[in-house]
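*Asks:* Predicted model and sequence follow; I will ask about them next.
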Amino acid sequence: MPRVSGAVLSLLPVLLLLAILFGGGMGIAIMQSVGYFPPAGENSFTLAHYKELIADTELRASLVVTLLWASLASALSMILGLALALALRRIAATSRLPGLLLQAPLAIPHLAIAILALNFLGQSGLVSRIAYAAGLISEPAAFPEFFHDSYGLGIVLTYTYKETPFVALVALAMLRRIGNDYESLAATLGASPWQRFRHVTLPLVAPPLVSATLIVFAFLFGAFEVPFLLGRTYPAMLGVLAQRRFMSSNLMDRPEAIATGVLMALIAATAVYLYLRLSSRFVGERPTLF
Amino acid sequence: MALLAAYSFARNWYWPSLLPFSWDLYAWQYVFSEESEVLDALSASFQIAVAVTVIAVAISLPAARVLAWRRFPGKRQLLFVLLLPVLSPPLAATMGLHGMFLRIGLTGTAAGVILAHLIPAVPYAILMLTGSFTRLDPDLEAQARTLGATRWHVMRHVTLPAIAPGVAVAASFAFLISWSQYLTTLLIGGGETRTLPIILVSFQSGGDPAIAAALCLVFLIPAVIAFGSVARFLDYGT
């Protein structure tokens, strides 16, 4: 008979490891952010670091920009991913090609994608050179600035490119699972394509779609590599800002950097929680045919 | 979808020529030469990633088995907690970890970096392996046992072959995660543990684009191989 102790023993290494490394790491981060930072001589509880953060204009700018770009990229990935999945649905039923094609960008690490993006869309990149050859521009600076700009265009584009296949794959898997039956039935009952989509397909594919988008957002919010390579120093995404301050030679910047990190974790967690509550409401809307 | 993957860059290339001004292997020669630290970084990345993979899979296997097959109160919450390191931005935990490691002297060491990489790697491994075990019928093992097989025998000939694809996927993901880590390696490794991503970024942001490009390929190819070798086992149903 399975013993409880067996289960506990199996789970113990994992729990212990994550508890010490992640739990401990987070715990220390939180403690350091509220004033227990011996290297700088701090030893008492204080909310000063958080107060400084709120007053910090650079941080506010970073927060706005991070929320904006992460949301935009996530939303775009969701819409495009769904569209892609719907378009590939029929082919995917009989061929493995769409699945494999979609998986290709997933294998490429974010860092590599950033560099590829620079080589492709940068002002001295491939597209720019093609534009020159086509007589559209006469110097590198004339090519639109996708990267290192204050609109985050390149960042949003790059992330959308990387995350859309992921969302598409999740949506595709779900679409294949639900099959065509519901929609065929709706069609025989006289529903238009739009009605079929709105009231049958969408509610069925929404749950995994929303969770996938959620995961994407949480990830993009705290991401570092891509904005680091493709972004500007101001406004910088939160991850970049926090890292810069953490590594600064002024030790006093560190607690603030850590506080920023903790804040980011809180925001990401809140976003996840909020969307989970919202999506359960949306998911409650079931097709009224059955 | 523009497949930039097959972009062979690594030449001496000045704007605005559409084609390279001159093709040259100098970038590649540099990459593989003794004096560049590329080979060191490559081996560092590889060793660390392998260590992370082995540890992550080893401790996740028993855990996934329990998570998939046993019912107990608080399981859903436990799953959420286990996935937390993946969903939250790595910054806070890594910065705190830095403080912890500083005390015990693990900063700037490969061991420290391995531990830091385990934080995102283990939850993924657990996720993949739990899925694998869920698809496997626990009764299969019981049946084999009633036929007289020992536990070890059952493990070797019943369970392992069945979860082998899942293990492959989990291992490959753990490898990929460790392989592509930048921030964690940077923060925990200080300047001393230099993996491929670290030198890649330093070449990209301040060096020869050709070398950066060659390095990018060196970085990319193992990742694609690792992923491609298990791609056929992947199923994206949540």
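*Replies:* Perfect, thanks for sending it. None of these values were measured; they are calculated from a predicted model.

*Asks:* The helix or strand that contains A:Ala70 near chain B anywhere?
*Replies:* Taking DSSP states H and E as the definition, A:Ala70 sits inside helix A:57-94. No. On the criterion CB under 8 Å from any CB of the partner chain, helix A:57-94 is out of touch with chain B, staying 8.6 Å away. Backbone N, C-alpha and C define where each C-beta goes, glycine included.

*Asks:* Counting neighbours, which bits of the next helix or strand along the chain from that helix end up buried?
*Replies:* Using DSSP H and E, the helix or strand that follows helix A:57-94 towards the C-terminus is helix A:97-107. Neighbour counts over helix A:97-107 (16 or more other CB atoms under 10 Å in any protein chain shown) mark A:98-99, A:102-107 as buried.

*Asks:* Give me the distance from the longest helix along chain B to the chain's centre.
*Replies:* Longest among the helix segments of chain B by residue count, using DSSP state H, is helix B:38-69. Helix B:38-69 has its C-alpha centroid displaced from the chain centroid by 7 Å (CA atoms, centre = their mean, to the nearest Å).

*Asks:* got it, and stretch B:67-78?
*Replies:* Taking mean C-alpha positions (CA atoms, centre = their mean), stretch B:67-78 and its chain are 26 Å apart.

*Asks:* Please enumerate the strands of the stretch 101-250 of chain A.
*Replies:* Assigned strands in the stretch 101-250 of chain A: none (criterion: DSSP state E, counting those that start in this stretch).

*Asks:* For it, which residue gets nearest to chain B?
*Replies:* A:Gly222 (2.2 Å; CB to the nearest CB).

*Asks:* Over to that residue: give its phi and psi.
*Replies:* Taking degrees, to the nearest 10, you get phi -100, psi 10 for the backbone angles of A:Gly222.

*Asks:* what about it, how many neighbours?
*Replies:* Burial measure for A:Gly222: 25 neighbouring residues, criterion other CB atoms under 10 Å in any protein chain shown.

*Asks:* which ones are touching it?
*Replies:* Residues near A:Gly222 by CB atoms under 8 Å, 6 or more residues apart in numbering or on different chains: A:238-239, A:264-265, A:268, B:88-91.

*Asks:* swap in B:Ile48?
*Replies:* By CB under 8 Å, 6+ apart, the contact list for B:Ile48 reads B:110, B:113-114, B:117, B:178, B:193, B:195.

*Asks:* if I pick residue 46, what's in contact with it?
*Replies:* All of this is about chain A. A:34-35 are the contacts of A:Thr46 under CB under 8 Å, 6+ apart.

*Asks:* meant chain B actually
*Replies:* So, once contact is read as CB under 8 Å, 6+ apart, B:Phe46 ends up touching B:Pro222.

*Asks:* give me that answer again for 10 Å
*Replies:* Counting by CB atoms under 10 Å, 6 or more residues apart in numbering or on different chains, B:Phe46 makes contact with B:175, B:178-179, B:195-196, B:222.

*Asks:* What distance do you get for it to chain A?
*Replies:* 14 Å (CB to the nearest CB, to the nearest Å).

*Asks:* quick one: that residue and B:Phe175, what's the gap?
*Replies:* 9 Å (CB to CB, to the nearest Å).

*Asks:* okay, and the common contacts of these two?
*Replies:* Common contact partners of B:Phe46 and B:Phe175 (CB under 10 Å, 6+ apart): B:Pro222.

*Asks:* Between all of the buried residues of helix A:97-107, which two are separated the most?
*Replies:* A:Pro98 and A:Ala107 (15.8 Å; CB to CB).

*Asks:* For burial, what's the neighbour tally of the closest residue to A:Ala117 other than its chain neighbours?
*Replies:* In space, and not counting its chain neighbours, A:Ala117 is closest to A:Thr158: 4.6 Å by CB to CB, 6 or more residues apart in numbering or on different chains. Number of residues near A:Thr158 (other CB under 10 Å) recorded here: 26.
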